[in-house]
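J.: Got a predicted structure plus its sequence, pasted below:
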There are 4 protein chains.
Amino acid sequence: MAGAAKRGGTRRAPYEIADPALAPRGLDRIAWAGGRMPVLAMIADRLDRERPLDGVSVAACLHVTAETANLAIALRRAGASVALCAANPLATQDEVAAALVTEHGIEVRARHGERFSDYEQHIEEVVESARGSSERWVTIDDGADLVLTAHLGGEQGCEGLIGGTEETTTGLLRLRRLEAKSGLRCPVLAVNEARIERALNDRHGTGQSALDGIIRATNVLLAGHTLVVLGYGWAGQGVAQRARGAGAAVIVCEVDPLRALEARMAGFEVMPVIEAARRGDVFVTVTGTPRVLRSEHFAVMQDGAILANAGHFDVEIDLDELRAAATGEPRRVRHLVDEYTLSDGRRLNLLAHGRVVNLAAAEGHPASVMDVSFALQALAIETLVTGRIPTVADGDPEAPGENAEITFAPGVQPVPRAIDREVARLKLAALGVAIDHPTPDQEEYRRSWD
Amino acid sequence: MAGAAKRGGTRRAPYEIADPALAPRGLDRIAWAGGRMPVLAMIADRLDRERPLDGVSVAACLHVTAETANLAIALRRAGASVALCAANPLATQDEVAAALVTEHGIEVRARHGERFSDYEQHIEEVVESARGSSERWVTIDDGADLVLTAHLGGEQGCEGLIGGTEETTTGLLRLRRLEAKSGLRCPVLAVNEARIERALNDRHGTGQSALDGIIRATNVLLAGHTLVVLGYGWAGQGVAQRARGAGAAVIVCEVDPLRALEARMAGFEVMPVIEAARRGDVFVTVTGTPRVLRSEHFAVMQDGAILANAGHFDVEIDLDELRAAATGEPRRVRHLVDEYTLSDGRRLNLLAHGRVVNLAAAEGHPASVMDVSFALQALAIETLVTGRIPTVADGDPEAPGENAEITFAPGVQPVPRAIDREVARLKLAALGVAIDHPTPDQEEYRRSWD
Amino acid sequence: MAGAAKRGGTRRAPYEIADPALAPRGLDRIAWAGGRMPVLAMIADRLDRERPLDGVSVAACLHVTAETANLAIALRRAGASVALCAANPLATQDEVAAALVTEHGIEVRARHGERFSDYEQHIEEVVESARGSSERWVTIDDGADLVLTAHLGGEQGCEGLIGGTEETTTGLLRLRRLEAKSGLRCPVLAVNEARIERALNDRHGTGQSALDGIIRATNVLLAGHTLVVLGYGWAGQGVAQRARGAGAAVIVCEVDPLRALEARMAGFEVMPVIEAARRGDVFVTVTGTPRVLRSEHFAVMQDGAILANAGHFDVEIDLDELRAAATGEPRRVRHLVDEYTLSDGRRLNLLAHGRVVNLAAAEGHPASVMDVSFALQALAIETLVTGRIPTVADGDPEAPGENAEITFAPGVQPVPRAIDREVARLKLAALGVAIDHPTPDQEEYRRSWD
Amino acid sequence: MAGAAKRGGTRRAPYEIADPALAPRGLDRIAWAGGRMPVLAMIADRLDRERPLDGVSVAACLHVTAETANLAIALRRAGASVALCAANPLATQDEVAAALVTEHGIEVRARHGERFSDYEQHIEEVVESARGSSERWVTIDDGADLVLTAHLGGEQGCEGLIGGTEETTTGLLRLRRLEAKSGLRCPVLAVNEARIERALNDRHGTGQSALDGIIRATNVLLAGHTLVVLGYGWAGQGVAQRARGAGAAVIVCEVDPLRALEARMAGFEVMPVIEAARRGDVFVTVTGTPRVLRSEHFAVMQDGAILANAGHFDVEIDLDELRAAATGEPRRVRHLVDEYTLSDGRRLNLLAHGRVVNLAAAEGHPASVMDVSFALQALAIETLVTGRIPTVADGDPEAPGENAEITFAPGVQPVPRAIDREVARLKLAALGVAIDHPTPDQEEYRRSWD
């Protein structure tokens, strides 16, 4: 259903959603999620007072969920007009879309399960809408679609575009390729490479939710069993720590010697995959690399082994080779568990078709993790627009000072560390944790060192 | 649907189940669960060869699930005729009941959601059936209903009754009261007090599944938050360890000074509930005691606190006082999460109506835990019937020797430690873990000490 | 130097010590240790008020250290006359002995490094003194020497002997052998089998101090290395936990299947010694069994492996076989590290000659652990003498009630659980930890269950 | 004693050491340490074959210990002439100095406890010697003394100086100040900022050895007690993890919000120092900042609190304010424990006079940690001299390729990541840990992403 919604008499927002009547339930979901996102709420309250985004349009291409809704509302409260489409049609919560349209004056163009052509058209419409409705606009991307769409239009397509943010590794890859080839016309802040994002999202978010997905899918007891973590980046560290915390004997496989050494120093067993394959009861891939589990490993695994992928793409377990190794069609033994029987009778259990297990078998990152991600997004957008980092003075000698001015060159840029720190400061406040500030003489001492 | 099923030409088993046609799906579930119960499978294979229960009837009152089915089938393979009714009508899996009746010749009298009067009648029918069909019979109880029903019939009611096993604390309470009042006419082995049962079921089973239930219900991130465990018995220890392993700051509340000291020595903060109430983000009761969280605690909790009970009964959180403290009806904010708003605006989130969270919000104990419980059951029943402990010699100087004879006096009796050891031995084998035996000179040395 | 000291005009205590002039330094050491023993101090203050041991003699055969001195003084303050000799001549701190004699009126018969004949004579003199100086006397043993000496004298030798306490497994063995052969004439409380003693002394005391000894001896970094714990009793659990906490990859070897399973469920690797021997960097024996590391294991260990014993006797590593496997004399490579070079060039490093490493290479149990042990001793002695358990009411339904009466039959007897609880209660107070008492309705509920 | 030693007929090395006759014991110590430094040994074997330092002089100002000796010998085997003086006269092991001079042809100018003027003169002599004896020379500094001395001589002073390495934060500070003021004439590689150095040295080395120092000094039991870590950098993380692993309840104080948040997410309690001061039993400062514990904190600490500093300088605990707060002189209650009694009777125990506790009360970093530091040093020096990174190809797409060429601009420079990786690779080999290499298609995939 397409149409226009009215709110506060301001302006009509066109939309393309499933059903505006779903709004009440959507409001409930948004409110519940909002209660779990206190950092974003604190920022939103300030934005509401300061309205730094007055006269600015935001184009956002994100999962249309209750958590995203809270970000969109925060930007709206900051004064922006907001147009939102889906980064993945299957993730769209129609009732949330309805609430955003009918109650918050946000232009949403997303329906759960929409066709690919509609999905693509919505991206274009959102870009056009943002570009057309204000002189200055910004993008929030989850895969670089908005920025790339704008760039396809050349100088004209990017007219008024202040810059954007990107949430995913894939999106950064696309942007950096474009940058290397023909340059970017605006800065794009790499939100997912921010330190706090890595620590909370990758380590703690994935650490908990990947195991959550495995347990929901199988109800396996981790204690007493051997869990093999393939990859010891931030996410792999999180999975390994949590698995040990759950009583599993944990083996780490990693090709980078520095990371492998850190895993070993942390008390994990470290070994090649072919050896680990013989010993594991549960396998979790989290490498960002294809085919880390493949036929040679399937050939030596124990009967009943469980295979889960916690990496972004479903390429880490070689599904073709798994199918080829099996004697027939896999058997669905539980919802999200497919049992592959090999020719010698051993059975391997693939979870969620090899798709990222914390999303496919659980609920993805907890709201308190999304809170940090979207707080980063909000501050990054604000900084892009205002040219000032909205941080308060807290005695950090390395901090740029309150509301320090900053400009970003075109291209993929890191999120300023001061924004990281500001989000951490707010998150601590949300957790009720107080910390000290250095005394003036300590600040002086530290400054004299650096 | 009532009727009779045939198998192997042996005998007709009467039944009272929902629908025999559900059997194929039931067989699948039984097979999947069986694959996760290797200890019981090893025992079942031996029982099948030795048939020590030939001519014996087993009356069992248990949750009619795929795991229970594997126990029933093991006893059937041992030679017993088996009659099964439900310990809780809501736990009955109708397709499993169907498979047991049609494919395994087991007399099942249980339907999902049956009326209480039917449920009670089925217990009586199962007792009658077991008593009537063989000269010697045994009981497997989950709440003492079978043994108590038999005792209601006096000497006649217990005719041929060799003894039984009991799985629950509540059942043992009822049995011990009866024992104190008028005596028991047979031995009942307290399976749930066996050491291995405590270690695996209470500590590891509850430890993982209680947190699993909380995460499924709320998707809360444990890392960074404060989790309060009320009660530091076996289950409380498990919850506390796992919560720490998940990154939570853990506070323990415990009234027993020895346990409180052990919690403190394990690095946990220990304090009175009223202090912990101010600091916790998540509360888990696991005390076996009523009203450990009550109005005085609700009065000081933080907005958004999550309340979960992992104890057997829903009495540990005082629900009446919670309702009285709230300003209106609770609001269902997620499936299994009820939000109570207090007069000052703080919101408390009650999970699963205060019912045991690992069953109500997750799947209860993993199959590998049930495997141990039911292996204990099988060996306990065998020992009761044969008067011999089916253990192999493994050099333990305290062990009673291979197939040691044993007799049990009437009354509630502990499971012989040799059975504990035997199950541990098989469980290690199932996990692929080999251990040493003492050398003869070491055995001699140890014997000389004791 | 032998003689007599005077204090408070009461009575002359004969003595046999190195040098009374060492007293000032002894007082310092006693005071420092006393500051670390708050539980004993609380008990001593009460004993000083109540003087329950008036007219009673205490014969004590213990390590004559600053910690023991605080126990002796506490008993003295309780009204007892105290005679003390050494359980091990090499552990005697002469300055402590001097302070006890000159300042506290305690009869000490111990000199550091005294000859064995003197050591034996001192035991006899202490027994005679205690028996002769009061009508009622008690013993505190660390190896059963006092009780056995008294029993050698038959009925007359045990005249007036109320009972005693025993601190060691070896002592209990000797007592139980005597009990089995000809009976004991008095009760002996098995202090080292008390639950709190096991938890604090064995698990936490040995856990920390065994690793402390290994690190002091070698300065090895545990993180990144593989530590093999042989034996998973209380002490082995402590060593395994602490080693994991220090970053080591930990392997457990254990012959008891229940314990082995518990180790595995705790996330440790479990395997036979011969396999662990190939993988370990550091080995710690803590089994109570001889020859758990022997030639077949030395044959496969890695070059540079470190061998430590944390068991009571130096029999767990087979020193004869180690010597036989080496090509020549061991080389002293560090104080307390002997390097044995095998015929193939591999070098094994034996710590502290295979003697208990936490005593031989570190300082044994921390004072806060001895505090609990000696608090148990003091309360056990008081209970033996008064026939009342000096506990306060704390709402435990299983507690015997305040100052409950109790009598002990002759023979080795467990320490009443109420004493365990009382020490735990005081220890929590010393740690500044408050806990709740059950409410009256909770007590009622719990009572109704048991 | 000064003189000249001869070795291999090459050249006479002048020296200034305590006593050449101490050499045999020095050789033993060097050999033992060498056995614990397998990474350096592997590098030394290669250097011996390749002799990349032929014709180069090395001036080294380091602690003259057995570990340093192995580095000096490795450089000698690489072809360099080596002149060594002390970075701290109290750390010099005279027997090691003797062995280096008499057996390894190394010019040592260091005596244990030498006067400050001698110490300074030795630095100058070592610079002169290195500059004078070859056309090209490099420095290894532990505090920047060599490089600064060379720069004092202007262009002439730095003639032939290829560059150097620096091991300490203090040294880097001095160098960066000089760089900012008047520039550096050569590159200096910041070894202590290398990732592997941070991970092993700071986290694992300090983590273990700081607690080791505290336990040696006090024999305190960590389990059950509260340990406060002030500072959550790499070293603070290590101390906090190890303290938790030892059973302590751990509180973290940190002024940086990002680090504070990471501490909280890791499950630690985080709070301001003034609150932690009330609760701690043991305090460990590791901030790099002065006066983190000062009078306001002493005023609220508990009786018996233990104060230890694990930071480089003895400024983190304000000793002046501690003395001022005490009523009289501190009392030496144990070796390295000074008890300060405050006016209200509370006693605070200062360890090792506030000096870095892991060096002052224990043995500093384990040899396996020094192994990594000195392996980095050796490879950094080699790279400076040869302009090639001595790494092997291992499939890392980010690696510079085997023996990649590299040039360093003047100034403080990071150690190339490829050297970090190479040391990690060798360390894994030394630990017996094998890892995989990416397959060619995986390499291709990863390359296509970056």
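T.: That came in fine, so what should we check first? Numbering: from 1, shown residues only, chains lettered A, B, ... in the order given.

J.: Grab the nearest non-local neighbour of the spatially most central residue of chain A.
T.: The residue lying closest to the centre of chain A (Cα atoms, centre = their mean) is A:E167, at 5.8 Å. Leaving aside its sequence neighbours, A:E167 sits nearest to A:D142 (Cβ to Cβ, 6 or more residues apart in numbering or on different chains; 4.6 Å). All C-beta atoms are positioned from the backbone trio N, CA, C, and that covers glycine.

J.: The one you found touches A:V64, doesn't it?
T.: No. If you go by Cβ atoms under 8 Å, A:D142 and A:V64 don't touch, sitting 10.7 Å apart.

J.: Who has more neighbours out of these two?
T.: Shown here are A:D142 and A:V64; by other Cβ atoms under 10 Å in any protein chain shown, A:V64 has more neighbours (28 against 23).

J.: What helix or strand is the more buried one located in?
T.: Assessed by DSSP states H and E, A:V64 sits outside every helix and strand.

J.: Identify the residues contacting it.
T.: Contacts here follow Cβ atoms under 8 Å, 6 or more residues apart in numbering or on different chains; on that basis A:V64 touches A:L84, A:C85, A:A86, A:A91, A:T92, A:Q93, A:V96, A:A97, A:L100, A:V108, A:A110.

J.: now those in a markdown table, with neighbour count, pLDDT and distance to C:F283?
T.: What follows is those, written out as a markdown table (neighbours: other Cβ atoms under 10 Å in any protein chain shown; pLDDT from 0 to 100; distance: Cβ to Cβ, whole Å):
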| residue | neighbour count | pLDDT | distance to C:F283 |
| --- | --- | --- | --- |
| A:L84 | 29 | 97 | 62 |
| A:C85 | 30 | 97 | 63 |
| A:A86 | 28 | 95 | 59 |
| A:A91 | 17 | 84 | 53 |
| A:T92 | 25 | 92 | 59 |
| A:Q93 | 23 | 93 | 57 |
| A:V96 | 31 | 96 | 59 |
| A:A97 | 31 | 97 | 63 |
| A:L100 | 30 | 97 | 64 |
| A:V108 | 32 | 97 | 65 |
| A:A110 | 30 | 96 | 62 |
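
J.: Now, these that are in helices?
T.: Taking DSSP state H, the ones among the contacts of A:V64 that sit in helices are A:V96, A:A97, A:L100.

J.: which non-adjacent residue is nearest A:L211?
T.: Using Cβ to Cβ, 6+ apart and skipping residues adjacent in sequence, the residue nearest A:L211 is A:R242, 5.3 Å away.

J.: so after the helix or strand of chain A with the lowest mean pLDDT, what's the next helix or strand?
T.: Sorting the helices and strands of chain A by mean pLDDT, DSSP states H and E puts strand A:2-5 at the bottom, at a mean of 54. Note on strand A:2-5: by DSSP H and E, the next helix or strand toward the C-terminus is strand A:13-16.

J.: Which strands and helices lie in contact with that next one?
T.: Applying 3 or more Cβ pairs under 8 Å, 6 or more residues apart in numbering or on different chains; DSSP states H and E, we find strand A:13-16 packed against strand A:2-5, helix A:94-104, strand A:107-109, helix A:116-133.

J.: Out of those, which gets nearest to A:L221?
T.: Checking the helices and strands packed on strand A:13-16 against A:L221 by Cβ to Cβ gives helix A:94-104 as the closest, at 35.8 Å.

J.: so what secondary structure elements neighbour the closest one?
T.: strand A:13-16, helix A:23-35, helix A:66-77, strand A:107-109.

J.: Between those, which shows the greatest average number of neighbours?
T.: Of the helices and strands packed on helix A:94-104, the one with the most neighbours on average (mean count of other Cβ atoms under 10 Å in any protein chain shown) is strand A:107-109, at a mean of 29.

J.: That one: how far from the chain's middle?
T.: Relative to its parent chain, strand A:107-109 has a centroid offset of 21 Å by Cα atoms, centre = their mean, to the nearest Å.

J.: Regarding A:N403, what is its secondary structure?
T.: coil (DSSP: H, G, I helix; E, B strand; the rest coil).

J.: can you list contacts of the helix or strand hosting A:A308?
T.: Applying DSSP H and E as the criterion places A:A308 in strand A:306-309. Defining contact as Cβ under 8 Å, 6+ apart, one finds that strand A:306-309 is touched by A:210, A:213-214, A:217-218, A:220, A:281-286, A:293, A:316-317, A:322, A:348-352, A:354-357, A:361.

J.: is it true that the residue nearest to the centre of chain A touches A:A60?
T.: No. If you go by Cβ under 8 Å, A:E167 and A:A60 don't touch, sitting 10.2 Å apart.

J.: can you list residues touching both of the two?
T.: A:I140.

J.: Show me where the stretch 301-450 of chain A has its strands.
T.: Under the criterion DSSP state E, counting those that start in this stretch, strands of the stretch 301-450 of chain A are mapped to A:306-309, A:331-334, A:337-341, A:347-351, A:411-414.

J.: what's the fourth one packed up against?
T.: Read that as strand A:347-351. Using 3+ Cβ pairs under 8 Å, 6+ apart, the elements in contact with strand A:347-351 are helix A:207-218, strand A:306-309, helix A:319-325, strand A:337-341.

J.: So which of those is nearest C:G153?
T.: C:G153 lies closest to helix A:207-218 among the helices and strands packed on strand A:347-351, at 66.2 Å (Cβ to Cβ).

J.: Output that closest one as PDB, nothing but the C-alphas.
T.: The C-alpha coordinates for helix A:207-218 follow below in PDB (Å, rounded to 0.1, in the frame of the first residue of the first chain):
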ATOM      1  CA  GLY A 207      30.100 -13.900  21.000                       C
ATOM      2  CA  GLN A 208      26.800 -14.300  22.800                       C
ATOM      3  CA  SER A 209      24.400 -14.500  19.900                       C
ATOM      4  CA  ALA A 210      26.300 -17.100  17.800                       C
ATOM      5  CA  LEU A 211      26.200 -19.600  20.700                       C
ATOM      6  CA  ASP A 212      22.600 -18.600  21.400                       C
ATOM      7  CA  GLY A 213      21.800 -19.500  17.800                       C
ATOM      8  CA  ILE A 214      23.600 -22.900  18.100                       C
ATOM      9  CA  ILE A 215      21.800 -23.700  21.400                       C
ATOM     10  CA  ARG A 216      18.400 -22.700  20.100                       C
ATOM     11  CA  ALA A 217      18.900 -24.800  17.000                       C
ATOM     12  CA  THR A 218      20.200 -27.900  18.700                       C
END
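
J.: what's the neighbour count on A:L90?
T.: A:L90: 9 neighbours (other Cβ under 10 Å).

J.: go on, A:T407?
T.: By other Cβ under 10 Å, 7 other residues sit near A:T407.

J.: Touching, it and A:G387? I think so.
T.: Yes. In terms of Cβ under 8 Å, A:T407 counts as a neighbour of A:G387; the distance is 6.1 Å.

J.: Which single residue in the stretch 151-300 of chain A comes nearest to chain B?
T.: Using Cβ to the nearest Cβ, the closest approach of the stretch 151-300 of chain A to chain B is made by A:G245 at 2.1 Å.
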